[in-house]
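Enquirer: please find the sequence and the predicted model below.
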Amino acid sequence: GESVGLHLPTLSVQEGDNSIINCAYSNSASDYFIWYKQESGKGPQFIIDIRSNMDKRQGQRVTVLLNKTVKHLSLQIAATQPGDSAVYFCAESLEFSSGSARQLTFGSGTQLTVLP
Amino acid sequence: ETGVTQTPRHLVMGMTNKKSLKCEQHLGHNAMYWYKQSAKKPLELMFVYNFKEQTENNSVPSRFSPECPNSSHLFLHLHTLQPEDSALYLCASSQDGTGAGYTFGSGTRLTVV
């Protein structure tokens, strides 16, 4: 079946550096993509999303890039801080065939560790 | 708080027990979901409710039984579970059909002994 996957399971960066977390997806019908951050003991927290009619979207210290040609998604975190240490998931989304609600397919996650 | 509240936060149950997980959202969303998160595995969708109607069941064993009495509340009834069912169970909600505002609760950490 089609799935979303992440290139690297772990990523360590120095505090203050920029972080780039990558994600590959395989379902060309997906039209909405979301990045989540999950800290230990908590549920996934929304970071930023992007629709398939865009190739870049910026938030506060975060940028998501979408390359539909190669089915690639990335999350860039500027000036990474210790509080950014967490597992980051990308998810691709499309409507269920029944037309109701939304299905999210998640990758397995990347553990980001910020070094002092 | 994200606006999606799950209780209890932690649950330990024996294989012959019956228990229920509760999820409540105050976001005005019409769709609610149950996900299972096991160690080192991607989040797995279990059930979807849209306007209180179950619209998706991802081949989940019958020992898991969902209930959605209204658009704000979602339950997961557990009966005769196995140790491999131990996981973090996450509830989420969203505006129906659009994906906007897809929000997760903090989850219930379930241990089956």
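Expert: Great, that's in hand. Bear in mind the structure is a predicted one, so any value in this text is a computation, not a measurement.
Enquirer: what stretches of the chain score poorly on pLDDT?
Expert: Since no chain was named, I'll use chain A. A:1-8, A:95-102 (pLDDT under 70).
Enquirer: not what I meant, chain B
Expert: B:1, B:96-100.
Enquirer: how about the residues of it near chain A?
Expert: With Cβ under 8 Å from any Cβ of the partner chain as the criterion, chain B comes near chain A at residues B:2, B:4, B:6, B:31, B:33, B:40-43, B:45, B:48-50, B:53, B:55-56, B:90, B:94, B:96-99, B:102-107, B:109. Glycine gets a C-beta too; all of them are placed from N, C-alpha and C.
Enquirer: go again with 6 Å.
Expert: Residues of chain B lying close to chain A by Cβ under 6 Å from any Cβ of the partner chain are B:31, B:42-43, B:48, B:50, B:55-56, B:90, B:94, B:96, B:99, B:104-107.
Enquirer: give me the neighbour count for residue 30.
Expert: Looking at chain A here, since you left the chain open. The tally of other residues near residue A:30 (other Cβ atoms under 10 Å in any protein chain shown) stands at 21.
Enquirer: actually chain B
Expert: The tally of other residues near residue B:30 (other Cβ under 10 Å) stands at 20.
Enquirer: buried ones in stretch A:51-71?
Expert: A:52, A:62, A:63, A:64, A:65, A:66, A:71 (16 or more other Cβ atoms under 10 Å in any protein chain shown).
Enquirer: chain B: which of these is nearest?
Expert: Closest to chain B out of those is residue A:52 (11.5 Å), distances taken as Cβ to the nearest Cβ.
Enquirer: so the closest one touches residue A:31, yeah?
Expert: Yes: counting by Cβ atoms under 6 Å, residue A:52 touches residue A:31, with 4.3 Å between them.
Enquirer: list the contacts for the most centrally placed residue in chain B?
Expert: Centroid-nearest residue in chain B, with Cα atoms, centre = their mean: residue B:34, separated by 3.1 Å. By Cβ atoms under 6 Å, 6 or more residues apart in numbering or on different chains, the contact list for residue B:34 reads B:46, B:47, B:76.
Enquirer: and residue B:27, by the same measure?
Expert: B:3, B:93.
Enquirer: which elements pack onto the helix or strand hosting residue A:76?
Expert: If you go by DSSP states H and E, residue A:76 is part of strand A:72-77. Under the contact criterion of 3 or more Cβ pairs under 6 Å, 6 or more residues apart in numbering or on different chains; DSSP states H and E, strand A:72-77 touches strand A:19-25, strand A:62-67.
Enquirer: roughly how far is stretch A:105-116 from the heart of the chain?
Expert: Offset of stretch A:105-116 from its chain centre (Cα atoms, centre = their mean, to the nearest Å): 9 Å.
Enquirer: how many residues are close by residue 48?
Expert: No chain in the question, so chain A it is. Residue A:48, neighbours per other Cβ under 10 Å, totals 17.
Enquirer: not quite, go with chain B.
Expert: Residues near residue B:48, counting by other Cβ under 10 Å: 25.
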